[in-house]
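1. With the sequence up front, the predicted model follows.
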Amino acid sequence: MERGEIPSDTVDDRADLVANAMAEQTRLSLEVEETDRLGELRRIAGADVAYEKYGERFFAAVVVLDAHTLEVVEIARHEGEHPFPYVPGLLSFRELPALLPCFEKLTSTIDLVVCDGNGRLHPRGFGVACHLGVALDVPTIGCAKNLLLGEVGPLAHERGAHSPIVVDGIERGSALRTRDGVKPVYVSIGHRVSLPSARTIVLRLARDYRLPETTRAADHEVNLWRRAALGLLA
């Protein structure tokens, strides 16, 4: 049997799992709020999950930054085994069980979460940023490194330029240039943050690099931890 192939006796179970997850996304997508419900931003979190290359272990981390200085003020981690198979479009069912225990460990009050992934820019309008926002009942933004779907209009080369990402005639996100002439990031509503506000916040967080500091900090933490746990550090 080839690597990644599903045994024949589990195909029906997997199909039911996927169908149920898609139905849950469609149901929960109705709970997403697309207008600003932001108070004062004092603590902003980034969240990320790294995986064992040929195993079942995950390493999740939430890194909390001071919203003004962008200094790290708290880190929470969680390690475990995959609770859900990898299925395109269903990433949140794989990552939320890894991330939610991290948020439970935090002592800081989180005013906003910036996710390394999509929100409304998703086949069912309910990516990981939406799922996390609804589950935690906090404002969230999706900021993805790569374009999942949709058509992007012309985009100027200077920092701050943005262009709509259109899916089936509806604007679902923005391509946002965070550095002059550098590949954009793809911003979308997660929960309780409007798209214009999401762009403004991501641009402010992308102070020196293409990616926002929330994403950079969380990515650094999970990969350092994963390498240490798997004995990959020199």
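-> Nice, I can see it.
2. Please, where are all the strands along the protein?
-> With strands called from DSSP state E, the chain shows them at 43-51, 57-66, 72-81, 112-115, 140-144, 151-152, 162-167, 170-176, 185-191.
3. ok, residue 40 to residue 202 distance?
-> Residue 40 sits 18 Å away from residue 202, going by Cβ to Cβ, to the nearest Å. Every C-beta, even on glycine, is put in place using the N, C-alpha and C of the backbone.
4. Compare these two (neighbour count), which wins?
-> Looking at residue 40 and residue 202 with other Cβ atoms under 10 Å, you find the greater number of neighbours at residue 202, namely 24 against 7.
5. got the contact list for that one?
-> Taking Cβ atoms under 8 Å, 6 or more residues apart in numbering as the criterion, residue 202 is in contact with 114, 141, 143, 176, 178, 185, 187, 212.
6. Can you list the low-confidence ranges for this structure?
-> The chain contains residues with pLDDT under 70 at 1-12, 232-234.
7. what's around the residue nearest to residue 68 when sequence neighbours are not counted, how many residues?
-> Nearest-residue entry for residue 68: residue 42, 7.9 Å, with adjacent residues in sequence omitted and distances by Cβ to Cβ, 6 or more residues apart in numbering. If you count neighbours by other Cβ under 10 Å, residue 42 ends up with 14.
8. try residue 225
-> Considering only other Cβ under 10 Å, residue 225 is surrounded by 17 other residues.
9. Got the phi and psi for the nearest residue to residue 177 once chain neighbours are set aside?
-> Nearest in space to residue 177, with sequence neighbours left out and distances taken as Cβ to Cβ, 6+ apart, is residue 161 at 4.4 Å. When quoted as degrees, to the nearest 10, the phi and psi of residue 161 stand at phi -70, psi 140.
10. check contacts around residue 161.
-> With contact taken as Cβ under 8 Å, 6+ apart, residue 161 is in contact with 155, 176-177.
11. Likewise for residue 180?
-> Listed by Cβ under 8 Å, 6+ apart, the contact partners of residue 180 are 157-159.
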